[in-house]
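[1] mind folding the following:
(one chain, ligands or ions: 1)
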Amino acid sequence: MARVIGDVILDLQNISLSFGGVKALTNISFDVREGEIRAIIGPNGAGKSSMLNVINGVYHPQQGRIVFRGQERRRMNPHEAAAQGIARTFQNIALFKGMTVLDNIMTGRNLMMRRNFLWNALYWGPSRREEIAHRKRVEEIIDFLEIQNIRKTPVGRLPYGLQKRVELARALAAEPSLLLLDEPMAGMNVEEKQDMCRFILDVNEQLGTTIVLIEHDMGVVMDISDRVVVLDYGRKIGDGPPDEVRNDPVVIEAYLGAGH
Ligand SMILES: Nc1ncnc2c1ncn2[C@@H]1O[C@H](COP(=O)(O)OP(=O)(O)OP(=O)(O)O)[C@@H](O)[C@H]1O
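    Residues are numbered from 1 along each chain as shown. The predicted structure is shown next:
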């Protein structure tokens, strides 16, 4: 399928966020277009994770507007953001280590399970049918990410790179239209990084999912993203296609200054 970059679906305008005296984000504006891979980069402590947390409703900025799919967003929590089609993965893997791969991915469907426990107890048949439908979708995701052979393995027994892939699978189980990835390749070896890059591109191209990712590996960022936002000390210092950002003296200075 040919990639199509569409209209702006997420517009962040003049976002400022502070924690007590610490200014994590200062007057940041950028947008995300439908179907693109948008990277957020910057030295440690630049505000990247805070920005993702603003997008999915974990943090509430003191100033600024967030417009998602044409609607100004009121204060919302992560559950509401997920219901609007925004899913994310975390910097530190947040899976249930004792549960199997399959069960972990099923937890990603929770939001879509319409029927509650009482209903399930009373009407076994329809809820069973619903569970089968969810299982089918989960099995498709398992095939897509090529983890069939570990579907019954407890997550805690898997190598790190595969755990990250399971986390991606769980996020995909919610069928998001906007996927936020917080350092999806952190701590991986070269081969694991190549695999993860391929899967991120496949998700974007074949499922049409818009992706915002934080990544420290510059090679990866330059290879897979359409546009890059650069943060430094909570301010935006660059924004544009990878080639433009890479050659921007202000960006180069921020990275050299931070010892990257
Ligand atoms: N919950 C919080 N309470 C207080 N300060 C916070 C909180 N979250 C982030 N900060 C501060 O906000 C600033 C930006 O942090 P953030 O984690 O967003 O940066 P980052 O670019 O993601 O860094 P890293 O690359 O190290 O993950 C830092 O000074 C951090 O200490």
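
[2] Asn149 falls within a helix, correct?
    Yes. Under DSSP: H, G, I helix; E, B strand; the rest coil, Asn149 sits within a helix.

[3] how about His60: what's its closest non-neighbour residue?
    Arg75 (5.5 Å; Cβ to Cβ, 6 or more residues apart in numbering). Placement of C-beta: from N, CA and C, glycine included.

[4] looks like Val220 contacts Glu183 (just checking).
    No. Contact criterion Cβ atoms under 8 Å: Val220 and Glu183 do not qualify, at 10.4 Å.

[5] make sure Lys152 is indeed in a helix.
    No. Lys152 sits outside any helix when classified using three-state DSSP, being coil.

[6] any idea how far Arg65 is from the residue nearest to Ile150 when sequence neighbours are not counted?
    Spatial nearest neighbour of Ile150, excluding adjacent residues (Cβ to Cβ, 6+ apart): Val101 at 5.3 Å. According to Cβ to Cβ, to the nearest Å, Val101 and Arg65 sit 40 Å apart.

[7] between those two, which has more neighbouring residues?
    Val101 (28 against 13; other Cβ atoms under 10 Å).

[8] pLDDT at that one, what is it?
    Per-residue confidence (pLDDT) for Val101: 95.

[9] which element is the residue nearest to Glu192 when sequence neighbours are not counted on?
    Distances taken as Cβ to Cβ, 6+ apart put Gly161 closest to Glu192, at 3.3 Å, once the chain neighbours are dropped. Using DSSP states H and E, Gly161 sits in helix 160-173.

[10] can I get that helix in PDB? Just the C-alpha atoms.
    Output in PDB follows, covering the C-alpha atoms of helix 160-173 (Å, rounded to 0.1, in the frame of the first residue of the first chain):
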ATOM      1  CA  TYR A 160      14.400  -7.700  26.200                       C
ATOM      2  CA  GLY A 161      13.900  -7.100  22.500                       C
ATOM      3  CA  LEU A 162      11.000  -9.500  22.300                       C
ATOM      4  CA  GLN A 163       9.400  -8.000  25.300                       C
ATOM      5  CA  LYS A 164       9.400  -4.600  23.600                       C
ATOM      6  CA  ARG A 165       7.800  -6.300  20.600                       C
ATOM      7  CA  VAL A 166       5.000  -7.700  22.800                       C
ATOM      8  CA  GLU A 167       4.500  -4.200  24.200                       C
ATOM      9  CA  LEU A 168       4.000  -3.000  20.700                       C
ATOM     10  CA  ALA A 169       1.600  -5.800  20.100                       C
ATOM     11  CA  ARG A 170      -0.400  -4.900  23.200                       C
ATOM     12  CA  ALA A 171      -0.600  -1.200  22.100                       C
ATOM     13  CA  LEU A 172      -1.800  -2.400  18.600                       C
ATOM     14  CA  ALA A 173      -4.500  -4.600  20.200                       C
END
